[in-house]
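K.L.:
What would the 3D arrangement of this be:
(chains A and B, ligands or ions: 3)
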Amino acid sequence: MKAVTWRGVNEIGVEEVAEPTIINDHDIILEVGLSAACGSDLHLMGGYIPAMRAGDVLGHEFMGRVAEVGRGVTKHQVGDRVVVVSFTSCGQCWYCRQGLWSLCDNGNPNPGITEALWGQSIGGCYGYSHALGGWAGSHAPFIRVPYADQGAFAIPDGVSDERALFASDAAPTGWTGAHQAEVRPGDVVAVWGAGGVGQMAARAAMLMGAERVVVIDRFDNRLQQVRTHIGADTLHYEKAEVPAELREMTGGRGPDVCIEAVGMEAHSPGPQYLYDQVKQQMRLQTDRPTAVREAIYACRKGGTVFTLGVFAGLVDKFPLGAVMNKALTLRGAQQHGHRYIPEILERMSRDEIRTEHLATHVMPLSDGPKGYQMFKNKEDGCVRAVFRPSM
Amino acid sequence: MTSSIGNVASLAARGAGSVVRHVRAVVNPSAAHPAAAGHSASGWLVVTVFVEPSELDAAKLPAPLAEFGDRIEVRIQAAPGGKGTELAARLRDRPRPGGALSRLSGQDPEAGLRSALRRAKQLIEVGEVLAVDPVPHGERTATPGGAFLEGWTKAAPKGGVR
Ligand SMILES: NC(=O)c1ccc[n+]([C@@H]2O[C@H](COP(=O)([O-])OP(=O)(O)OC[C@H]3O[C@@H](n4cnc5c(N)ncnc54)[C@H](O)[C@@H]3O)[C@@H](O)[C@H]2O)c1
Ligand SMILES: [Zn+2]
Ligand SMILES: [Zn+2]
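P.N.:
Ligands and ions are numbered 1, 2, ... in the order given. Here you go, the predicted model:
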């Protein structure tokens, strides 16, 4: 079968790969209906998460129909329409039972790599390098889904494929941020990044009762989507001094919760950007933390900063003094989607979450390289390139 | 595949190696002394399994540990805070432990026991050992970066959860 693969830094390919088979009893084989490119893939594409091998199949946000079930699977049958969470988590270990699914002890068959990097391993993720398990991704006609009773969710009849697709990654990631940052009724919440993840974090904060939500970016089309489809306010960071605007918007206090949904390749208009880029290219820091720094600076005293954006290793010029003296709570997480997806699908069926607008460009797998190029450069208003293997 | 890609990939891989060393040196000053890095002095390797202590029996261990026979000692005790049960094992005849590098490259003499503990934990908690291979993939170009990562990936399952 044809699949979209990582070939090297900034090189995406389309090539022939073997069809997956059932290996563990709890596996299903899914016939992929739709599979989206995520901002996390851009970090792989740029070589910032250096555990990819040429030929690895990309993609971790997907939905489709069950094509085959392993003998240990009880929840799913051939033909079921399901959405699959990006993380592979067992559902039985202490972390899974605490609802901290992405921290699963058992879902990553290569735990040694992240143990060496971070001291402990976390769960696995499809198409996300050998550090997170070496699983094949979903930009292919078929994908193997381990722990399927835990990770695959039946899509309610009234929810379209195009909407349900984003219950795989963007929406549960947004829910993880807003919920784990403990957004409360009446809070003012600022979100850095108006991609799929930032938009969903803003929507989650609103549904959790935030009184005012502001999303920050520099792409007008994305900010327009935030106002039209999410219903939050926006700030254009090249036209405004973000911490100053946020301060005045909040009566001089600063936002109660700051959610960063940008990640390790953050952009910034000032000279610091060049400094960060050079240090990152020279591997003196692995990640560019521009938006996190700004979030820490803008956050109200005693508030919470949550990093949803993906970081891999070390950052430079980290404002620890502000964290300590302002008594901030600093948290982060990969998404604990298993915990939020049932609620998300229900809210999707009630039209409380709309996501179709994120799929700005739907294309066949053979357009993989073009789709990633458009998404990376945000060409033609691309918010998510979505592949439909049947096209 | 052009050679420039290989160069970039190997640069990325070297980047990874240096990050690992850098992180370890920062968080674990003992990494400067490879003989002891990453090993507890007692030789006990431990995993926490999310079951009641009464559900584990040192005389009826899962196959990956049972295979060691009396080459290992085993200890079972309740984990604090309701986190389940600590299952510990150590080799009776202990080789001199390898360092972080030998562990990453698969040369660690205790790697087999780590891997066995990890598989035992999965058998107890989930009922099966998760396998990723054979995984569908495209053409693997031969680059130093790819070779480095392949070695790393081979050693990685032995890391084991702690
Ligand atoms: N935690 C998780 O489980 C999880 C899951 C999915 C994605 N992610 C991460 O979330 C991040 C966002 O993902 P996405 O798919 O929305 O990506 P995306 O590339 O579509 O969006 C990122 C947005 O951030 C904006 N941005 C860049 N620099 C900024 C700055 N300094 N201030 C404000 N905005 C800035 C960009 O203009 C862009 O619109 C990525 O780092 C991705 O890896 C995390
Ligand atoms: Zn993602
Ligand atoms: Zn688990």
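K.L.:
residue contacts, residue 65?
P.N.:
Here I'm looking at chain A. Neighbouring residues of A:Arg65 by CB atoms under 8 Å, 6 or more residues apart in numbering or on different chains: A:Leu30, A:Glu31, A:Gly33, A:Gly79, A:Asp80, A:Arg81, A:Val82. Backbone N, C-alpha and C define where each C-beta goes, glycine included.
K.L.:
actually it's chain B I care about, not the one you picked
P.N.:
Counting by CB under 8 Å, 6+ apart, B:Leu65 touches B:Ile72, B:Val74, B:Ala89, B:Ala116, B:Leu117, B:Ala120.
K.L.:
Please state the offset of stretch A:199-213 from the chain centre?
P.N.:
Put simply, stretch A:199-213 sits 17 Å off its chain's centre (CA atoms, centre = their mean, to the nearest Å).
K.L.:
repeat for stretch A:359-375
P.N.:
Centre-to-centre, stretch A:359-375 and its host chain are 18 Å apart (CA atoms, centre = their mean).
K.L.:
What residues of it count as buried?
P.N.:
Of all the residues in stretch A:359-375, those buried under the rule 16 or more other CB atoms under 10 Å in any protein chain shown are A:Ala359, A:Thr360, A:His361, A:Val362, A:Leu365, A:Asp367, A:Gly368, A:Gly371, A:Tyr372, A:Gln373, A:Met374, A:Phe375.
K.L.:
one step back: of the contacts of A:Arg65, just the buried ones, PyMOL syntax please.
P.N.:
Provided next is the PyMOL selection string for whichever of the contacts of A:Arg65 are buried by 16+ other CB under 10 Å:
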select buried, chain A and resi 30+31+33+80+81+82
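K.L.:
Spell out which parts of chain A neighbour ligand 3.
P.N.:
For chain A, the residues in contact with ligand 3 (CB under 5 Å from the ion) are A:Ser89, A:Cys90, A:Cys93, A:Cys96, A:Cys104.
K.L.:
For those, which entry has the maximal number of neighbours?
P.N.:
Per-residue neighbour counts (other CB atoms under 10 Å in any protein chain shown) across these peak at A:Ser89, which has 30 neighbours.
K.L.:
Might you report the residue contacts of that one?
P.N.:
A:Cys96, A:Trp101, A:Ser102, A:Cys104, A:Asn106, A:Gly107, A:Gly123, A:Tyr147, A:Gln150, A:Gly151, A:His338.
K.L.:
For the second one, the count of nearby residues, please.
P.N.:
Burial of A:Trp101, expressed as a neighbour count using other CB under 10 Å, amounts to 31.
K.L.:
what's it sitting at in phi/psi?
P.N.:
Dihedral pair for A:Trp101: phi -60, psi -40, per degrees, to the nearest 10.
K.L.:
now the strands for the stretch 251-391 of chain A?
P.N.:
Taking DSSP state E, counting those that start in this stretch as the test, the strands found in the stretch 251-391 of chain A are A:257-260, A:304-307, A:329-332, A:361-363, A:385-387.
K.L.:
Which among the ones you listed is found nearest to A:Ala170?
P.N.:
A:Ala170 sits nearest to strand A:385-387 of all the strands of the stretch 251-391 of chain A, at 11.4 Å, using CB to CB.
K.L.:
and the closest one, how far from the chain's centre?
P.N.:
Centre to centre, stretch against its chain (CA atoms, centre = their mean), the figure for strand A:385-387 is 15 Å.
K.L.:
Now do the contacts for residue 78.
P.N.:
I went with chain A, as the question did not name one. By CB under 8 Å, 6+ apart, A:Val78 lies in contact with A:Val66, A:Ala67, A:Glu68, A:Val69.
K.L.:
wrong chain, I was asking about chain B
P.N.:
Contact analysis of B:Ala78 by CB under 8 Å, 6+ apart lists B:Pro53, B:Thr85, B:Glu86.
K.L.:
and the nearest residue to A:Thr355 once chain neighbours are set aside, how many residues sit next to it?
P.N.:
Nearest in space to A:Thr355, with sequence neighbours left out and distances taken as CB to CB, 6 or more residues apart in numbering or on different chains, is A:Phe166 at 3.9 Å. Counted with other CB under 10 Å, the neighbours of A:Phe166 add up to 32.
K.L.:
about what we covered before: mind putting the strands of the stretch 251-391 of chain A into JSON lines with mean pLDDT?
P.N.:
Listed next are the strands of the stretch 251-391 of chain A as JSON lines, based on pLDDT from 0 to 100:
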{"stretch": "strand A:257-260", "mean pLDDT": "98"}
{"stretch": "strand A:304-307", "mean pLDDT": "98"}
{"stretch": "strand A:329-332", "mean pLDDT": "98"}
{"stretch": "strand A:361-363", "mean pLDDT": "98"}
{"stretch": "strand A:385-387", "mean pLDDT": "98"}
